[in-house]
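1. pasting the sequence and the predicted coordinates here, then a few questions.
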Amino acid sequence: MGKDVIIACDFSTKDETYAFLDLFKEEKPYLKVGMELFYAEGPEIVREIKRRGHKIFLDLKLHDIPNTVMRAMSALSSLGADMINLHASGTAAMMEAAAKGLERPDGTRPLLIAVTQLTSTSEERMKNDILIDLPLDEVVMRYAENAKTAGLDGVVCSPLEAGKVKERCGNSFLTVTPGIRFDGGEKGDQVRITTPKQAREIGSDYIVVGRPVTRADNPVAAYRRCLKEFTE
C-alpha cells in the first residue's frame, strides 16, 4: 500500500467543506471527516464526499462497551468510508467486536485502526491526568500490539512512534500519523510532531494534515508540497 496524505477537513459546515474541495480541480485528495463535521452534518456528509470521488478516513474514535461499539460500527459500515478508527484503550475485546461489526454482507470492511495516544498528550499529562505510570512509548507499543492481536489493520500514533510500531508489529501494520507541520510552522495544540519528510523517513504510511493545508493562503499548493515531501 502506497503512502498518502490525508487532509483533515475540520470544518463546521458542509458549505465550508464543499467550498474547500472545489479548490481542487485536478486532485481528489484523501480526506478525514472528524467529529466536528460529522456531528454537525450527519452521515450524509460522508456519502456526498464519496460521491465526489474522495477516499475518506472517518475519524470518530469510538470508545464504549464492546456490544455498543459493534453495533455502531455496523451502522457506519454502510457509509462507504475507506478507513474508520476507535480508541485502543477500550481493550482488545472492544476492538474485536468493532471489527466484527464493521464487516459488510459481502465480507469486506473498511480499514480499521486504533488510536494509541493522542498527539496532544505528553508523557507528563498521561501520568498526571489519566494515571498511566509507564513510559509513553511503552504504552503506545502495548496498545499497538493489542490492536494487531484483535485483528485491526494498524494504529494512529505520533510520527515519532511509527518506526517503533513497525518494528514491534511488522511492516504491513499501518501507521497513520497526525501531528504534521511544515518546517517553521506553528505547533498549535500538538505536542509530538514532525515534518512530512521526517514522517516518511521514520515510517509513516499515512500522514494526517489539517491546518497547514486548510488554513494556508493557497491550500492546493500546500497540499502538493506536503504530498511531494512525504511521497518523494
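-> Good, I have the coordinates. Numbers count the residues shown, from 1 in each chain.

2. show me where the protein has its strands.
-> Under the criterion DSSP state E, strands of the chain are mapped to 4-8, 30-34, 56-62, 83-87, 111-115, 154-156, 174-177, 206-209.

3. pick the most buried one from those.
-> Of these, the one with the most neighbours on average (mean count of other CB atoms under 10 Å) is strand 154-156, at a mean of 28. Where you see a C-beta, it was placed from the backbone N, CA and C, and this is true even at glycine.

4. from residue 195, how far out is residue 221?
-> According to CB to CB, to the nearest Å, residue 221 stands 16 Å off from residue 195.

5. which one's more surrounded, those two?
-> Counted by other CB atoms under 10 Å, residue 221 and residue 195 do not tie: residue 195 has more neighbours, with 20 against 11.

6. so what's that one up against?
-> Contacts for residue 195 (CB atoms under 8 Å, 6 or more residues apart in numbering) come out as 180, 181, 182, 183, 229.

7. which of those has the most neighbours?
-> Ranked by the number of neighbours (other CB under 10 Å), the contacts of residue 195 place residue 180 first, at 29 neighbours.

8. burial count for the residue lying closest to residue 52 once chain neighbours are set aside?
-> Closest residue to residue 52 apart from its sequence neighbours, by CB to CB, 6 or more residues apart in numbering: residue 21 at 6.5 Å. Other residues lying near residue 21 total 18 when counted by other CB under 10 Å.

9. I'd guessed residue 21 sits against residue 49; true?
-> Yes: Residue 21 sits in contact with residue 49 when judged by CB atoms under 8 Å, with a separation of 7.4 Å.

10. the helices in this protein, which residues?
-> For the chain, applying DSSP state H gives helices covering 14-21, 35-41, 44-51, 66-76, 92-102, 123-130, 136-149, 159-169, 196-202, 211-214, 219-231.

11. and those helices: which comes nearest residue 114?
-> Among the helices of the chain, the nearest to residue 114 by CB to CB is helix 136-149 (4.1 Å).

12. mean confidence for the closest one?
-> The average of the pLDDT scores along helix 136-149 is 95.

13. where are the low-confidence patches of this structure?
-> Applying pLDDT under 70 to the chain picks out residues 1, 184-192.

14. any idea how far residue 77 is from residue 93?
-> Separation of residue 93 from residue 77 (CB to CB): 19 Å.

15. more neighbours: the two, which one.
-> The residue with more neighbours, out of residue 93 and residue 77, is residue 77; 18 against 13, by other CB under 10 Å.

16. measure how buried the residue nearest to that one when sequence neighbours are not counted is and give me the count.
-> Of all residues not flanking residue 77 in the chain, residue 102 sits nearest, at 5.0 Å (CB to CB, 6+ apart). Under the neighbour criterion other CB under 10 Å, residue 102 is assigned a count of 23.

17. ok, back up a step: can you tell me which of the contacts of residue 195 is closest to residue 206?
-> Scanning these for proximity to residue 206, where the rule is CB to CB, the winner is residue 180, at 10.3 Å.

18. and that closest one, what does it touch?
-> Shown in contact with residue 180 (CB under 8 Å, 6+ apart): 159, 193, 194, 195, 196, 199, 207, 208, 209, 212, 226.

19. residue 229 is in contact with the fifth one, correct?
-> Yes: judged on CB under 8 Å, residue 196 makes contact with residue 229 at a distance of 3.9 Å.
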